[in-house]
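Novice: pasted the sequence and its predicted model underneath.
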Amino acid sequence: MVSFQSLAGEGWRRTESVRWLVVVPFVWSFAQFGSVQSVLDYHGFTVGLRLPVPAALPTLWTFARVPSSGITVNPPTGAGGVFPPILGVPVAFVVGGLLTAGFLGELHAAMAAPERRGFVENVVRFAVPQLSYAALVALAGVLVGGLASVFPPAILVAFVGFFVAGYLFWATPFLVVTDDRSLAEAVQRSYRLAMDGGEHASFFFKYLGAGALLSIPVTLFTVNFGFVGLFLGAVVTAPLCLAFSAAALAYLDGGPVSREVGGTSDHGPGAGMANSDTDHPRNP
């Protein structure tokens, strides 16, 4: 069984030619004005824990808990963390969706594609499914938020619901890129992989566990030291964001990274499926 750390490390090594992509999560972290303002306005000491599900475009706030008093545990974060309240939900999901298209497309091209495409070309190629997915996530967030404001006990149900949905569909935006699928096909494939459990479930919980462990120190220095901590948090987590996304792409791609790291063919959704016409992630 391949460790998450091995996948992340190998993915980081294979993305050497596109390290400039760390700029994307760095900048997008500061575009989340609500979280940034909460840190700048906070005066005190807090400890926080995040439970991050795999996110297509992670940011500082995938790992750092927005400040509040005492010791808190935040709900799982995943795709929703990609679309912060910047000038309203519509602008947020449009900008987030376009950045996700370029970020994942360029990252995957550096790792596996025989022919490299530019960032803008990847935006054009994957914009429609990524924007559609972003819109669905944003709509779900608005609906759940509205329900919770009217009926506060629904927050607990929302917590569980978002966690389950994160597990079932986190792979969707990645599969759009790795398998060049439509959104509907990627959603169906993500659901099937999640229901199969096994290595897919193992990767999910390894990602969540690694992110949770990192969230404690990241929250400590990001939230408790004002602008300096905020800036350093964004600097430190930007390469982590790239490595975490590369690990997810490597796992779902079932390609050279997985084979080299594991040394066997029993890893990833594409592993052990070379003779199957129905289950390989690249087959419709």
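Specialist: Done, it's in.

Novice: give me the low-pLDDT residue ranges for the stretch 1-150 of the chain?
Specialist: 1-2, 68-89, 113-116 (pLDDT under 70).

Novice: and the strands in it?
Specialist: 46-49, 70-73 (DSSP state E, counting those that start in this stretch).

Novice: after the longest helix anywhere in the chain, next one along is what?
Specialist: The longest helix of the chain (DSSP state H) is helix 119-150. Tracing the chain C-terminally past helix 119-150 and defining elements by DSSP states H and E, one meets helix 154-169 next.

Novice: quick one: mean pLDDT over that next one.
Specialist: Averaging pLDDT along helix 154-169 yields 87.

Novice: over to stretch 196-212?
Specialist: So the average pLDDT for stretch 196-212 ends up being 94.

Novice: next, the contact list for residue 30, please.
Specialist: 36, 234 (CB atoms under 8 Å, 6 or more residues apart in numbering). In short, each C-beta sits where N, CA and C put it, glycine included.

Novice: I misspoke; the intended subject was residue 189.
Specialist: By CB under 8 Å, 6+ apart, the contact set of residue 189 is 171, 175, 179, 181, 281.

Novice: among those, show me the least confident.
Specialist: residue 281 (44).

Novice: mind checking how far the closest residue to residue 193 other than its chain neighbours is from residue 141?
Specialist: Among residues not flanking residue 193 along the chain, residue 200 sits closest, at 4.6 Å (CB to CB, 6 or more residues apart in numbering). Separation of residue 200 from residue 141 (CB to CB, to the nearest Å): 24 Å.

Novice: same question, residue 219
Specialist: From residue 219 to residue 141 the distance is 22 Å (CB to CB).

Novice: give me the more crowded residue out of these two.
Specialist: The neighbour comparison of residue 219 against residue 141 (other CB atoms under 10 Å) goes to residue 219, with 24 against 19.

Novice: ok, now which ones touch the more buried one?
Specialist: 46-50, 63-65.

Novice: from the residues you listed, which two are the most distant?
Specialist: Using CB to CB, the contacts of residue 219 reach their maximum pairwise distance at 46 and 63, which is 14.5 Å.

Novice: which of the two has more residues huddled nearby?
Specialist: Neighbour count, other CB under 10 Å: between residue 46 and residue 63, residue 63 has more, with 30 against 17.

Novice: skipping its backbone neighbours, what lies nearest that one in space?
Specialist: Residue 63 sits nearest to residue 218 (CB to CB, 6+ apart), 4.3 Å away.

Novice: Three-state assignment for that neighbour, please.
Specialist: helix (DSSP: H, G, I helix; E, B strand; the rest coil).

Novice: what of the one 3 residues further on?
Specialist: Residue 221 falls in the helix class when you classify it by three-state DSSP.

Novice: quick one: contacts for the nearest residue to it once chain neighbours are set aside?
Specialist: Setting aside the residues directly before and after it, residue 221 is nearest to residue 229 in space (CB to CB, 6+ apart), at 4.9 Å. When contacts are counted by CB under 8 Å, 6+ apart, residue 229 touches 39, 221-223.

Novice: please enumerate the helices of the protein.
Specialist: According to DSSP H, the helices that the chain contains are 4-14, 23-30, 33-41, 60-63, 89-111, 119-150, 154-169, 172-178, 183-196, 198-223, 226-253, 256-262.

Novice: as TSV, the ones you listed with distance to residue 54 would be great.
Specialist: As requested, those are exported to TSV (distance: least, CB to CB, whole Å):
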stretch	distance to residue 54
helix 4-14	10
helix 23-30	14
helix 33-41	20
helix 60-63	10
helix 89-111	12
helix 119-150	13
helix 154-169	8
helix 172-178	8
helix 183-196	11
helix 198-223	5
helix 226-253	5
helix 256-262	16
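
Novice: returning to that earlier point: which of the contacts of residue 189 ranks first by neighbour count?
Specialist: Neighbour-wise, the contacts of residue 189 (other CB under 10 Å) top out at residue 171, 29 neighbours.

Novice: let me see the contact set for the nearest residue to that residue once chain neighbours are set aside.
Specialist: Excluding the flanking residues, the one nearest residue 171 by CB to CB, 6+ apart is residue 190, at 4.0 Å. Neighbour list for residue 190: 168-172, 175 [criterion: CB under 8 Å, 6+ apart].
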